[in-house]
Structures are given as C-alpha cells and as structure tokens.
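Chemist: I'll drop the sequence and a predicted model, then ask my questions.
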Amino acid sequence: MPRVTFHPEGRADEIQRGKSLLDAAEKMGIDLRHDCGGFATCSTCRIIILDGVSNLTEIDLDEENMLEEAELSAPFRLSCQAKILGDVTVRIPEEAMEWSKEALGSLAQHSEKYREIIRLIVEDKARSLNITSLLPETVIPFLEEAKKAVDEAADDPVALSALVKQVCDMA
Ligand code: FES
C-alpha cells in the first residue's frame, strides 16, 4: 500500500490506493481543516506536496477552478481532491499570520499566480525572526526577496517545489 507522510507532524502510515489525502489525514488523526466537507468549494484543505506529485491523481476541473479562485498553484493541492496512487510526502501549511491591511495591499501587487507561495516565504522569514505582526515596513523587504526567488523558479513546478521545500526546511 502507498505510504503517506504528513509534516510538520512527521506522521506516516500506509493508506489504501484511491483514498484522498484528506482521508489519509483523518485516518492518521491529523487535524486538517476542510470547511466545505470535501467538495472542492473552500480551499481550506490545501496542502503542499513535498514529494511524489506524480503519485497523485491529476487535478480535475473542480479542483482547478477552486485552486484558481484561491490563487494557489503547484506545489499546492486540495487534499480532499488529490487521490493517492503511490508514496507521497506533504506538508500542511501553517495558519496564515496576521497581515496589516497596507501590507496585504503590497502583497496584492505581486503575481496573482504565485501569491500564496510568496506569502509562505514571507511568513516563514518573519517567523524565523520572531515577527508576528506583518506591517508594510516589515514585509516590503521580505516581499522583494520572496518575489525574486519565485520569479527565478516561475513556471517550473520542480524548481517551485524545491523552493517551497527549502522554506519548509524539508529539502
Ligand atoms: S475541503 Fe473544501 S476544498 Fe477540500
């Protein structure tokens, strides 16, 4: 049976082929938000694929629409829609940090397609410096740094995954 590993918990288990990543999390007792109940209409079940992206079913139209609406791109998937075909390692993103309205405005100036990845990088940097409140003066230098890293990896899912792995300390 395929082996599924969840970070940051570091929990792994054998999961029946064809089950969703959300089913896997539930089986392992991992708390993963899924506000719409698994119908691809909320995006709260988003996860980051760290390894084994080809061991998941392809993104269908419903998932594609929801990912687009939530401005998410690879390596993000909706755990309720991604079915397991082989070994996979994933990470549940941390809860979003608090951004001031002005700081959010600066984030909005950046590429819509990669905004979630930029946000992840900025928040990771802030956490590493014990910054909890994201104000424009805090985020702008981080945003420029994150945008440069994402631009360099843009349109290459492998490079983007590597970048996100690096941010998640999973490289
Ligand atoms: S639970 Fe709502 S999209 Fe997956």
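Modeler: Structure received.
Chemist: Could you use CA atoms for every contact and neighbour count after this?
Modeler: Noted.
Chemist: what number of residues lie near G105?
Modeler: 12 (other C-alpha atoms under 10 Å).
Chemist: Which helix or strand contains it?
Modeler: helix 101-108 (DSSP states H and E).
Chemist: Can you point out the buried residues in that helix?
Modeler: Neighbour-count burial for helix 101-108, counted by 16 or more other C-alpha atoms under 10 Å, picks out 103-104, 107.
Chemist: where exactly do the strands run in this protein?
Modeler: Using DSSP state E, the strands of the chain run over 3-7, 11-14, 46-51, 76-78, 88-91, 98-99, 133-134.
Chemist: Relative to D23, tell me which of those wins on proximity.
Modeler: D23 sits nearest to strand 3-7 of all the strands of the chain, at 10.9 Å, using C-alpha to C-alpha.
Chemist: list the helices and strands the closest one packs on?
Modeler: strand 11-14, strand 88-91 (3 or more C-alpha pairs under 8 Å, 6 or more residues apart in numbering; DSSP states H and E).
Chemist: State the paired neighbours of the first one in the sheet, together with their directions.
Modeler: In the sheet containing strand 11-14, its partner strands are strand 3-7 (antiparallel), by DSSP bridges.
Chemist: quick one: the strand it pairs with to strand 46-51, angle?
Modeler: 120 degrees (axes from the mean of the first three to the mean of the last three C-alpha atoms, to 10 degrees).
Chemist: okay, now G18: neighbour count?
Modeler: When neighbours are counted by other C-alpha under 10 Å, G18 registers 15.
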